[in-house]
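J.: All I have is the shape, not the residue letters:
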């Protein structure tokens, strides 16, 4: 069952406590889901971090695991809490407080895709929402925590590199006066999810590869970064957002001629990050 929910690509030998994950690049659109939605497949894919798993595919070559979701973000959002249920979409859910993500239709079971386009005509049952959470959300997060535990035990600390992509218009709107737009935005919840040393090393890897980097603006990290970033417990999390226009046609969701070049640049980044946390913890004598 797990290979239909997520894919874990393990290295032949673990050489680092860094774990790569891509929770939004899933592209398995089931016939049942396509029958439920009022959108066409291209519209559904507008929320997908298309090809991000391929951009970071070299991680196992450098001794680090890569966890990739199979289910698409439009079906279930793995970067949301299971409590982020949308009362405007799911029958019987009572509105509690004001959650801006849920209010905008981007709860754990999304109501909309990019540009606010509704995914469904009408509501879904709570049973359907819980089924998606139990069948896809929980297995993915169990696998992620297992990989982080393995890294922490083996190398003294774990570092999650949570890989995403961002629409070019998102960074254009948040452009910095007098500065070039970033190619990459790193999020650590303003220091809460990773130590300054880890964040500095991650940033240096991207900058050293020739990429412009910003921190925490406009994306500081969501549920995954907030939940798994526990520096005091030797577990760090950094969200990586890459400008989609660097490697794909956003309207058609197709790779451009620049894809291979960016993939090579990111392979250099991955190689550098493999040195971030690579000293094994000595085994205790029996």
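T.: Ah, there it is. What you see is a predicted model; the values in this text were computed from it and never measured. Residues are numbered from 1 along each chain as shown.
J.: can you map out the helices along the stretch 1-150 of the chain?
T.: Ranges of helices within the stretch 1-150 of the chain are 2-5, 31-36, 41-44, 52-55, 100-103, 126-132, 138-155, based on DSSP state H, counting those that start in this stretch.
J.: Pull out the buried positions in the last one.
T.: Translated: helix 138-155. Judged by neighbour count using 16 or more other C-beta atoms under 10 Å, the buried positions of helix 138-155 are 139-141, 143-144, 147-148, 150-152, 154-155. Every residue, glycine included, has its C-beta placed from N, CA and C.
J.: nearest to residue 205, of the helices of the stretch 1-150 of the chain?
T.: helix 52-55 (14.3 Å; C-beta to C-beta).
J.: Run through the stretch 151-286 of the chain and note the low-pLDDT ranges.
T.: Per-residue confidence for the stretch 151-286 of the chain (pLDDT under 70) gives these ranges: 173-179, 281-286.
J.: how about the helices in it?
T.: Using DSSP H, counting those that start in this stretch, the helices assigned to the stretch 151-286 of the chain run over residues 168-173, 196-208, 223-228, 259-273.
J.: any idea which of those is most buried?
T.: helix 223-228 (a mean of 20; mean count of other C-beta atoms under 10 Å).
J.: from the middle of its chain, how far away would that helix be?
T.: Distance of helix 223-228 from the chain centroid (C-alpha atoms, centre = their mean, to the nearest Å) equals 10 Å.
J.: which residues touch it?
T.: By C-beta atoms under 8 Å, 6 or more residues apart in numbering, the surrounding residues in contact with helix 223-228 are 21, 23, 78-81, 84, 144-145, 148, 160, 162, 187-189, 192-193, 235, 237-239.
J.: let's see 6 Å
T.: Counting contacts by C-beta atoms under 6 Å, 6 or more residues apart in numbering, the residues outside helix 223-228 that touch it are 79-81, 160, 162, 187, 189, 193, 237, 239.
J.: now, among those, which is nearest to residue 63?
T.: Checking the contacts of helix 223-228 against residue 63 with C-beta to C-beta, the nearest one is residue 160 at 15.6 Å.
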